[in-house]
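Asks: What shape does this take:
(one chain, ligands or ions: 1)
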Amino acid sequence: MQLSKVPNPQFPSIQDISLYIRSADDSIGDSNLCGSSLEGRRSIADFFRLLDHVVVTTTGDYKLQKINDTLSPLTNPPIERSSPGNITAGKYLILGGGRVTFETLVTFSNILVARTESPTVKRIKRDGGGTISSVSSVRSIRDPPDDSQSFKMRLVYRDKGCAVCLAAEIQAIYKYREDSNRYEGAHIIALAYHDLWDTKRFSALVSDPFTDPANADSRFASPSTRTKKDFRRINSLENGILLCLQHHKDYDSFRFAIHPQTHQIFAFHPATAALQDVEVKAPWDSPNVLYPPPHPDFLKLHYVTSIANAMKGSGGDYELDVDDDDDYEGPSELEEIRNEQVKIWLDGLSPTTSSFDFMVDNKGNIETSADMRGVVSV
Ligand SMILES: [Zn+2]
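Replies: Below is the predicted model:
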């Protein structure tokens, strides 16, 4: 039997919405901003909630006018944030009644860009999928297995099961010893971002007593706290959620995020659309100073990174070819890849790294030139 080459499947992108703005000369220019209708399941209201993070207008509000493939506006009435129903796939012109610009979101990656030195790029592959690979399996050399286990067991005690499955009533509590390998201690800020953790001095935001150096002499402290090797405290409960394998993968891949204040899930992928607006409760259910809940600043950074990932244009579609090998030693190669990726996506912008004020009311850079392409970077 003669074998032939396995055909390369043509996967569609989940980004089935393209957004456009008018240039200074009134022509319609590509905004490099995209979105997903979640296969027609994204409400118009939720789509505006996403856009609100990046769209800036001189008049304050904006509407969406559907346009055809030749970028001519259709006669449909513009869509407003109060319009009922779901957003449909297609091309939309953002109507601001004035200048429309975009803000760059400060995310896991570009918050560090000023610290990077011209890296050597290895193992970047062009994929066209437009998503970032999971980094969950990349283990920092400073995260000995003992610490992972200690982190997970504290999360098991606090959350009782996959926090998302419990909220969505998909699965009940973690009940049987044999089920241990179905759950993982998920980091909100992944171990691979330990540089970000250190630079922003996130250790100062955690109070988890099991990682507190003051408790190093307690036999109940986490292993690397006892041995006084962990000054980073990235394995603190404020940076963790207990998740099942699938939800851990989805969270690390930015397929959903948890709102830092409401704790409601925001879905970014059709596969997680059913989780939209589900409120995660488990980590906050039984307040206990020994087992603090996730820190809102960490949730917020993951949330904003997820938005940037979901809305960035297809022009910079790269996927990290992250090695899934648990024996991976050291983060340097991954850092190099990510740094290069940031450079590609930043497209000439230079975000500030001097503050942690990445919220909606105080985001990074604003495009100032009418003919510059708006860029959302990850
Ligand atoms: Zn789950």
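Asks: List the contacts of stretch 288-303.
Replies: Contact with stretch 288-303 is made by 107-108, 111, 154, 157-158, 188-189, 202, 205-210, 236-241, 251, 254, 257-261, 266, 283-284, 287, 356, 358-359, as judged by Cβ atoms under 8 Å, 6 or more residues apart in numbering. Where you see a C-beta, it was placed from the backbone N, CA and C, and this is true even at glycine.
Asks: Now list the buried members of those.
Replies: Neighbour counting by 16 or more other Cβ atoms under 10 Å classes 107-108, 111, 154, 158, 188-189, 202, 205-206, 208-210, 236-241, 251, 254, 257-260, 266, 283, 356, 358 among these as buried.
Asks: Restricted to helices, list those residues.
Replies: Applying DSSP state H to the buried ones among the contacts of stretch 288-303, the entries found in helices are 154, 158, 251, 283.
Asks: how close does the residue most central in space within the chain get to residue 95?
Replies: What sits nearest the mean C-alpha location of the chain, by Cα atoms, centre = their mean, is residue 306, with 2.7 Å. Using Cβ to Cβ, to the nearest Å, we find residue 306 at a distance of 26 Å from residue 95.
Asks: re the thing from before, the buried ones among the contacts of stretch 288-303 also near the ion: which ones?
Replies: Checked against the ion using Cβ under 5 Å from the ion, these yield no neighbours at all.
Asks: Please name the residues that touch residue 157.
Replies: Residues near residue 157 by Cβ under 8 Å, 6+ apart: residue 291.
Asks: 10 Å instead?
Replies: Counting by Cβ atoms under 10 Å, 6 or more residues apart in numbering, residue 157 touches 237, 242, 286, 288, 290, 291.
Asks: Residue ranges in the stretch 151-300 of the chain under the pLDDT threshold?
Replies: Of all residues in the stretch 151-300 of the chain, none has pLDDT under 70.
Asks: what's the farthest-apart pair in the ones in helices among the buried ones among the contacts of stretch 288-303?
Replies: Spatially, the most separated pair among those is 154 and 251, at 18.1 Å (Cβ to Cβ).
Asks: Please list the residues of this structure that sit near the ion.
Replies: For the chain, the contact set with the ion under Cβ under 5 Å from the ion comprises 162, 164, 165, 244, 247.
Asks: I'd like the residues you listed laid out as CSV, including neighbour count, distance to residue 64 and secondary structure.
Replies: Shown next, in CSV, are the residues of the chain next to the ion (neighbours: other Cβ atoms under 10 Å; distance: Cβ to Cβ, whole Å; DSSP: H, G, I helix; E, B strand; the rest coil):
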residue, neighbour count, distance to residue 64, secondary structure
162, 28, 36, coil
164, 28, 30, helix
165, 21, 35, helix
244, 22, 36, strand
247, 26, 32, helix
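Asks: can you tell me which two in those are farthest apart?
Replies: Across those (Cβ to Cβ), the longest gap, 7.5 Å, separates 164 and 244.
Asks: Now do the shared contacts for these two.
Replies: When contacts are counted by Cβ under 10 Å, 6+ apart, the set common to residue 164 and residue 244 consists of 170, 171, 186, 250.
Asks: who's in contact with the first one?
Replies: The reference is to residue 170. Contacts for residue 170 (Cβ under 10 Å, 6+ apart) come out as 161, 162, 164, 244, 246, 247, 274, 275, 278.
Asks: hang on, isn't the fourth one packed against residue 161?
Replies: Read that as residue 244. Yes: under the criterion of Cβ atoms under 10 Å, residue 244 makes contact with residue 161 at 8.2 Å.
Asks: where's the spatially closest residue to residue 187 that is not a sequence neighbour relative to the ion, distance?
Replies: Leaving aside its sequence neighbours, residue 187 sits nearest to residue 239 (Cβ to Cβ, 6 or more residues apart in numbering; 5.6 Å). Here the criterion is Cβ to the ion, to the nearest Å. By it, residue 239 lies 18 Å from the ion.
Asks: show me what contacts residue 239?
Replies: With contact set as Cβ under 10 Å, 6+ apart, residue 239 has these partners: 151, 185-191, 197, 202-203, 205-206, 208, 211, 233, 294-295, 298-299.
Asks: try 6 Å
Replies: The contact partners of residue 239, taken as Cβ atoms under 6 Å, 6 or more residues apart in numbering, are 187, 188, 189, 298.
Asks: what's the third one in contact with, if anything?
Replies: Contact partners of residue 189, counting by Cβ under 6 Å, 6+ apart, are 197, 239, 298.
Asks: Can you pull the phi and psi angles for it?
Replies: Residue 189 has phi and psi values of phi -100, psi 110 when expressed as degrees, to the nearest 10.
Asks: I'd like the distance from it to residue 173, if you could.
Replies: Distance, residue 189 to residue 173, by Cβ to Cβ: 26 Å.
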